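In: Build me a model:
(one chain, ligands or ions: 1)
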Amino acid sequence: MARKQYAIIGIGRFGSSIARTLSEMGFDVLAIDSDEHRVQEVSHIVTQAVVADSTDEEALRAIGLRNFDVVVVAIGEDIQSSILTTLILKEMEIPTVLVKAQNDLHAKVVQRIGADKVIFPERDMGVRVAHHLTSPNVLDYIELSDDYSIVEMKASDSMIGRNLIELNIRARYRCNVMAIKRDNHMNIAPAPEEQLQANDIVVIVGQKHDLIKLEMDMED
Ligand code: ATP
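Out: This is a model prediction of the structure:
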């Protein structure tokens, strides 16, 4: 199967971080920005970097964007350009269009016109940092929906040496231990008798308010 072709429109901090990471992973990346300096800055990192205004449909067609599988619209402040760009991309029948949203209204509009995924990097990172600040054992926090999340936390002193039956997380917090990461090995079906060790990382899924209670209780 041919490798997916990625294009990133808007090479600010967010767009350039995606472009750089995909390139480092060995993918072909096309970077587009209306600002020549931004394009120059990434030109040595990505496969191709082009100066273009993404609200200009003809310009996007001339670049050959319609052959791309995934396009990320990482235009931040200029919401109108972000919306228009998304519309053009979906009319060009790009299979997957991801849009960085500035606010809920922006998200709603791009979803309505066919964006396949909307991301809020600043808001999501803010949520993660808040969880890490209040519970330093929390290494990562991913929102699955309005109600459910996954938390990745370092086994606290109150967890070490106890097994999953003793911890009784399912009954006490209505949360599920999905996996235990130990020495770079991920056990995705931990046995109830599994005893947690120092430096284990526990991956737990549950309702947000239950997870917060668990995070607080388990804090050292
Ligand atoms: P970040 O937080 O990721 O740095 P930001 O939210 O500040 O980004 P902007 O700087 O507003 O976002 O936009 C990101 C990039 O998108 C900029 O480099 C800007 O030149 C580019 N951009 C804005 N409008 C267009 C457009 N119509 N066509 C192409 N690029 C555009």
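
In: Skip ahead from the host helix or strand of Leu133 and say which helix or strand is next.
Out: Counting by DSSP states H and E, the element that carries Leu133 is helix 121-134. Of the helices and strands lying after helix 121-134 in sequence (DSSP H and E), the nearest is strand 138-143.

In: Could you check the angle the helix holding Leu133 makes with strand 138-143?
Out: Per axes from the mean of the first three to the mean of the last three CA atoms, to 10 degrees, the angle that helix 121-134 makes with strand 138-143 is 140 degrees.

In: Now whatever residue of the chain ends up closest to the ligand, what are its backbone angles?
Out: Minimum separation of the chain from the ligand (CB to the nearest ligand atom) falls at Gly76, amounting to 1.8 Å. Placement of C-beta: from N, CA and C, glycine included. Per-residue torsions, Gly76: phi -90, psi -70 (degrees, to the nearest 10).

In: list the contacts for it?
Out: Gly10, Gly12, Phe14, Ser82, Lys100, Gln102 (CB atoms under 8 Å, 6 or more residues apart in numbering).

In: Buried by neighbour count, from those: which ones?
Out: Gly10, Phe14, Ser82, Lys100, Gln102 (16 or more other CB atoms under 10 Å).

In: Which single one of the residues you listed is nearest to Asp183?
Out: The nearest member of the buried ones among the contacts of Gly76 to Asp183, counting by CB to CB, is Phe14 at 33.4 Å.
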